[in-house]
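Enquirer: here's my sequence, what's the structure:
(one chain, ligands or ions: 1)
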Amino acid sequence: MSELKENKRTGFSSKFGVIAAAAGSAVGLGNIWKFPYITGQYGGAAFLFVYLAFILAIGLPVMMSEFVIGRKAKRNAFGAFRKLAPKSVWFVTGFLGVGAAYLILSFYGVVAGWAMDYVAESVKGTFVGKTPQEISAYFNHFSSQSLNPVLWQLAFMVLTAVIVLMGIQKGIERYSKVLMPLLVVLLVILVFRSVTLPGAMKGIEFFLNPDFSKLTWDGVLNALGHAFFSLSLGMGTLITYGSYIDKKNNLGKTALQVTIADTVIAILAGLVILPAVFAFDLKPGAGAGLVFKTLPNVFMQMPGGSIFSVMFFILLTIAALTSSISILEVVVAFLSEELKISRRVSVVLAAVSISFVGIFCSLSLGDMDGEVFLGMNFFDTLDFFAANIFLPFGGALISLFIGWKYGYKKAKAELSNHGKINLWYFDAIYFSLKYIAPIAIMIVSVYGIYEQVQKYLTTLG
Ligand code: PFF
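Expert: Residues are numbered from 1 along each chain as shown. Model (predicted):
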């Protein structure tokens, strides 16, 4: 890319825009759909405590690294490594990231499509007067159909593509700036509704009382994996967004703000879901079905429930949308900068090919159910590869890159805006990147793979 073109590369136009976009990426289905049920499953506050420790010790340093790499190189996730470490194989890190973006967005779009269907069903009143069994049956039937979930998934992918097509400032930044505050408003209303229900206290206790007996080794590992997924780390999303951040931005502070926003929103989502579930004597152990099977019951039993149901599923769709645009942008920036394809064609190519894979993800929950890998269907296989292999492995490579290749001096120079910002914390961050993060991450992925193989072998008998 010529100097001239590089100078013309558009970026985010304001500090708030940067935070809205990056927090928009971080806050997603991971926070609202997944965090509440895994927290419940692994001992409430006990899990939260470990999760927070990982976020601080590993998540934050890796996020700062991604911002540093992106802003310094002003390139997509793949090109950034080629530019900062020419004639080396570090570009593999970016390549893995683009691959992970593909995998994640294909199944992410499916779940986001469900959220959109639930907005429509809540408006139509489909869940009114239904028993818990009927609502559960609705979800099982809907998600295993061939046509409807695919149409919703495609609708969601079109929304994602349209925003990315409008560009960094006029698309991603502008929509994040509107959607993120809206998300916070909806969330706060729902928290109030939920914690003021009679009997809500039981849920708050369940969520925030530490039960260390439930915090298994498996839970600790889940906490780290989820920290990566939730903060959008390990696949170059924040390298790509970092490349649109201007020279004056305090990257360390931005990373801290994004991390706090992501964590607070996850906790608030827990405070919407768990108190409501307990108030109506339902079980939080519904796992991944908590949001799609249990929650509609809760709404149907509370006064004004249909309105809250519509609000909740709009919230879920918005959260998914500001994340999916960041994932699509990873692929689009790669295609347009590396293969010199126009941005418009890149968006279409990326969105169409990812949707295509996504269709098989959706079908694998119904007609095309079948084992693909270690006993998992296609949907779970993509999820497994993305969460247990690509993201942690990418995160470890990013830490190692800063810790051992790019080095202390250059990283500190970029993060401190060449000495303009006092980085009293830098040594701690650097130590984590060099040793703690890569080692901890490696343990997680090896364990994740080991456990999966183990589970598979026991099913084989
Ligand atoms: N952070 C998003 C969530 O919590 O739902 C998911 C995600 C977005 C993961 C972007 C990875 C990524 F690069």
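
Enquirer: please name the nearest non-neighbouring residue to the residue positioned nearest the centre of the chain.
Expert: For the chain, the residue nearest the mean C-alpha position is residue 230 (4.3 Å; CA atoms, centre = their mean). Nearest residue to residue 230, sequence neighbours excluded (CB to CB, 6 or more residues apart in numbering): residue 30, at 4.2 Å. No exception for glycine: its C-beta is placed from N, CA and C like everyone else's.

Enquirer: so the one you found belongs to a strand, correct?
Expert: No: using DSSP: H, G, I helix; E, B strand; the rest coil, the secondary structure at residue 30 is helix, not a strand.

Enquirer: report how many residues lie close to it.
Expert: Counted with other CB atoms under 10 Å, the neighbours of residue 30 add up to 25.

Enquirer: quick one: contacts for it?
Expert: 226, 229-230, 266, 323 (CB atoms under 8 Å, 6 or more residues apart in numbering).

Enquirer: as a markdown table, these with secondary structure would be great.
Expert: What follows is the contacts of residue 30, written out as a markdown table (three-state DSSP):
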| residue | secondary structure |
| --- | --- |
| 226 | helix |
| 229 | helix |
| 230 | helix |
| 266 | helix |
| 323 | helix |
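
Enquirer: out of the residues you listed, the closest to residue 145 would be?
Expert: When those are ranked by distance to residue 145 (CB to CB), residue 323 comes first, at 24.8 Å.

Enquirer: show me what contacts that closest one?
Expert: Residue 323 makes contact with 24-30, 108, 232, according to CB under 8 Å, 6+ apart.

Enquirer: near the ligand too, which of those residues?
Expert: 25-26, 28-30, 232 (CB under 6 Å from any ligand atom).

Enquirer: need the contact list for the residue of the stretch 351-461 of the chain found nearest the ligand.
Expert: In the stretch 351-461 of the chain, the residue that lies nearest the ligand is residue 391 (6.7 Å; CB to the nearest ligand atom). Taking CB under 8 Å, 6+ apart, we find residue 391 in contact with 100, 225, 228-229, 233-235.

Enquirer: sort out for me which of those residues are in helices.
Expert: Mapping the contacts of residue 391 onto helices (DSSP state H) picks out 100, 225, 228-229.

Enquirer: could you find the lowest-pLDDT member of the residues you listed?
Expert: Ranked by pLDDT, the ones in helices among the contacts of residue 391 bottom out at residue 225 (84).

Enquirer: tell me which parts of the stretch 101-250 of the chain are close to the ligand?
Expert: So the stretch 101-250 of the chain meets the ligand at 104, 229-230, 232, 235, 237 (CB under 6 Å from any ligand atom).

Enquirer: got phi/psi on residue 373?
Expert: Main-chain torsions, residue 373, degrees, to the nearest 10: phi -150, psi 130.

Enquirer: kindly report the same for residue 304.
Expert: As for residue 304, its main-chain torsions (degrees, to the nearest 10) stand at phi 70, psi 20.

Enquirer: and what of the one 5 residues further on?
Expert: Backbone geometry at residue 309, expressed as degrees, to the nearest 10, gives phi -70, psi -50.

Enquirer: what pLDDT does the residue of the stretch 351-461 of the chain closest to the ligand get?
Expert: pLDDT, residue 391: 89.

Enquirer: same check, this time on residue 277
Expert: Residue 277 is given a pLDDT of 86.

Enquirer: and the strand or helix carrying it, what's buried?
Expert: Element membership of residue 277, judged by DSSP states H and E, is helix 251-279. By 16 or more other CB atoms under 10 Å, the buried positions in helix 251-279 come out as 251-252, 254-259, 261-263, 265-279.

Enquirer: could you tell me which residues of the stretch 301-450 of the chain lie near the ligand?
Expert: Contact residues, the stretch 301-450 of the chain versus the ligand (CB under 6 Å from any ligand atom): 323, 326-327.

Enquirer: ok, back up a step: do the helix holding residue 277 and the ligand meet?
Expert: No: contact check for helix 251-279 against the ligand, using CB under 6 Å from any ligand atom: none in range, with a minimum separation of 7.4 Å.

Enquirer: what element comes up after that helix heading to the C-terminus?
Expert: Next along the chain after helix 251-279, taking DSSP H and E as the criterion, comes helix 295-301.

Enquirer: which strands and helices sit next to that following helix?
Expert: Packing contacts for helix 295-301, counted by 3 or more CB pairs under 8 Å, 6 or more residues apart in numbering; DSSP states H and E, involve helix 91-124, helix 132-144, helix 251-279, helix 305-338.

Enquirer: and the contacts of residue 30, which two are the farthest apart?
Expert: 226 and 323 (14.2 Å).
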